[in-house]
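>>> Next one to model:
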Amino acid sequence: MPGAYSVSEANSLIKSAFAALPALQRIQVRGEISNFKRYDSGHCYFTLKDGKSILKAVMFRARAALLRFKPENGRMAVASGRIDIYERDGVYQLYVDNLFADGAGDLMAAYENLRLKLQGEGLFDQGRKKRLPPFPAAIGVITSSAGAVLHDVITVAGKRNPAVKLIFFPVRVQGPEAPGDLACALCKMNKLKIADLLIIGRGGGSMEELWAFNDERVVRAVAESALPVISAVGHETDVTLCDFAADMRAATPSQAAELAVPDRRAVLFAIGNQRQRMARVIKARIGTLDAHIRHCLNARAFKRPETLFAARAQTVDKLREGLRVNMAGKTQKHEQNLRALAGKLDSLSPLAVLARGYSVTTDEKGAPIKDLCQVACGDMLRTRLCCGEIYSQVRAKNAKEGVGNAQEKERP
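Numbers count the residues shown, from 1 in each chain. Predicted coordinates:
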């Protein structure tokens, strides 16, 4: 039937409609966990249900690793995430970012509400993350002077590279004054610019004890820090909002020191390997060039360069000789033609006629006399001979018989 959608087209259309609904992109759902199953891949699949409906849900491995409780069938929970279409099966489901046991208290609700708010502002975007400096000269450590964090960072950093300078900024990390201390420390360290990166953290504790690191002032200060920040709060299972805002999260303070301070021995080992590799490459390159030079030096062009031009020189000689012979023949032929033409020209020359005893008579103006009527008695004539000229005066003229009766004598 014309105009009918394919199944894929219909599912794609529904998916687009879901994506256009903001309420589905950030949603919290409370329900009873059912059919919970964690696969070997680490992904978790389950349903949330109440007395009237069920909702399929999936929580992928990266988010499931941050769970703070063990989900069990029959347990009430609050899940946050987005609802979208799984196009292959044509079903909609909840893609869970966080899952909390229902009844965890107001702190958890406040945590989740603030997380959604700051996430909506883009404070947790990956595009905001700054790269850690590969070889920091100084590292600022913002933590309590009473905890084990500072000791762990000093110990690990000293083992990895004792040349790195640690700048300790003591703060309170627990209690109502802690958020102000932490935010102030971040601000001052950025203002002083005496460190290349910052580590902010504390040891493990309850949610209430770690709450300073979920304070909005602290989270915003971490996100706005011009210096890269590593968040190292509590243990691996403790996830605070500072972890989301920081440029990198460390599971423990010791790991933070490992992330911040490159291992001097590993760096030297890597440099040594690179040096050896570079030496091998240079040696191989030199060997290749040396072989090429030797090949060139043994080539005929270098040993007997004249042989490169011998054949061509012989060719040039042959061409030159051929050109000479050809030019000589043509010159001789043209000379013969020129002499023949000169002979013809001489035979036609009036001078040649005069040389045979003839003469040419003209009037005083040089006009040749061809008829008696051109002259009259008394006219001056000019006769040119081979050896010179004669000037004469007409005394009488007499025409040939039959030509005319012109006969005239000089008047007395």
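
>>> Tell me where the model's unsure across this structure.
Low-confidence segments of the chain, defined by pLDDT under 70, are located at 1-2, 68, 103-107, 237, 401-412.

>>> residue boundaries of the strands in the stretch 301-412 of the chain?
360-362, 380-384, 389-393, 396-398, 407-409 (DSSP state E, counting those that start in this stretch).

>>> CA atoms only: put the second one into PDB for me.
In PDB, the C-alpha atoms belonging to strand 380-384 read as follows (Å, rounded to 0.1, in the frame of the first residue of the first chain):
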ATOM      1  CA  MET A 380      73.900  67.000 -82.500                       C
ATOM      2  CA  LEU A 381      74.300  63.200 -82.000                       C
ATOM      3  CA  ARG A 382      76.100  61.100 -79.500                       C
ATOM      4  CA  THR A 383      77.500  57.700 -80.600                       C
ATOM      5  CA  ARG A 384      78.600  55.200 -78.000                       C
END
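
>>> Give the other helices and strands that that strand contacts.
Contact here means 3 or more C-beta pairs under 8 Å, 6 or more residues apart in numbering; DSSP states H and E; on that basis strand 380-384 packs against strand 360-362, strand 389-393. For glycine as for every other residue, the C-beta is placed from the backbone atoms N, C-alpha and C.

>>> what's the next secondary structure element after the host helix or strand of residue 199?
Secondary structure from DSSP states H and E places residue 199 in strand 197-202. Per DSSP H and E, strand 197-202 leads on to helix 216-224 as the next helix or strand towards the C-terminus.

>>> Just the residues contacting that next one, thanks.
The list of residues contacting helix 216-224 from outside it, by C-beta atoms under 8 Å, 6 or more residues apart in numbering, reads 114, 118, 123-124, 128, 179-180, 182-183, 186-187, 200, 212-213, 229, 231, 241-242, 244-246.

>>> If any of those are buried, put those into a PyMOL selection.
To isolate the buried members of those in PyMOL, using 16 or more other C-beta atoms under 10 Å:
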select buried, resi 118+123+124+179+182+183+186+200+212+213+229+231+241+242+244+245+246
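
>>> In helices only, show me the contacts of helix 216-224.
114, 118, 179-180, 182-183, 186-187, 241-242, 244-245 (DSSP state H).

>>> hey, which of the helices and strands packed on strand 380-384 is tucked in deepest?
Ranked by mean neighbour count, the helices and strands packed on strand 380-384 are led by strand 360-362 with a mean of 15 (mean count of other C-beta atoms under 10 Å).

>>> Surely residue 71 is in contact with residue 36?
Yes. Between residue 71 and residue 36 there is a contact at 5.2 Å, judged by C-beta atoms under 8 Å.

>>> Touching both of these two, which residues are there?
44, 46.

>>> what's the offset of the biggest helix by length in the chain from the middle of its chain?
Longest helix of the chain, by residue count under DSSP H: helix 307-348. From the chain centre to the centre of helix 307-348 is a distance of 65 Å (C-alpha atoms, centre = their mean, to the nearest Å).

>>> Start the count at 288 instead of 1 going forward.
All set: I'll call the first residue 288, so the last point we hit is now helix 594-635.

>>> What helices and strands are in contact with that helix?
helix 587-590.

>>> give me every residue that touches residue 472.
Here residue 472 is in contact with 429, 456, 458, 487 (C-beta under 8 Å, 6+ apart).

>>> Repeat the analysis, applying 7 Å as the threshold.
429, 456, 458 (C-beta atoms under 7 Å, 6 or more residues apart in numbering).

>>> Among those, which ones are in helices?
Per DSSP H, the contacts of residue 472 never map to helices.

>>> most neighbours, which of those?
residue 429 (26 neighbours; other C-beta atoms under 10 Å).

>>> Could you verify my assumption that that one touches residue 458?
Yes. Here residue 429 reaches residue 458: they are 5.8 Å apart, a contact under C-beta atoms under 7 Å.

>>> Find residues that contact each of those two.
In contact with both residue 429 and residue 458: 469, 472, using C-beta under 7 Å, 6+ apart.

>>> so how far is residue 430 from residue 588?
75 Å (C-beta to C-beta, to the nearest Å).

>>> cool, and residue 627?
Applying C-beta to C-beta to residue 627 and residue 430 gives a distance of 122 Å.

>>> In terms of packing, which of those two has more residues around it?
The neighbour comparison of residue 627 against residue 430 (other C-beta under 10 Å) goes to residue 430, with 28 against 10.

>>> from memory that one sits against residue 488, does it?
Yes. Counting by C-beta under 7 Å, residue 430 touches residue 488, with 5.6 Å between them.

>>> Common neighbours of these two, please.
By C-beta under 7 Å, 6+ apart, the residues touching both residue 430 and residue 488 are residue 436.

>>> So what's the residue count around residue 423?
That count, for residue 423 with other C-beta under 10 Å as the rule, works out to 20.

>>> Where does it sit: helix, strand or coil?
Following DSSP: H, G, I helix; E, B strand; the rest coil, the label given to residue 423 is coil.

>>> quick one: it and residue 450 touch, right?
No. Taking contacts as C-beta under 7 Å, residue 423 lies outside contact range of residue 450: 10.5 Å.
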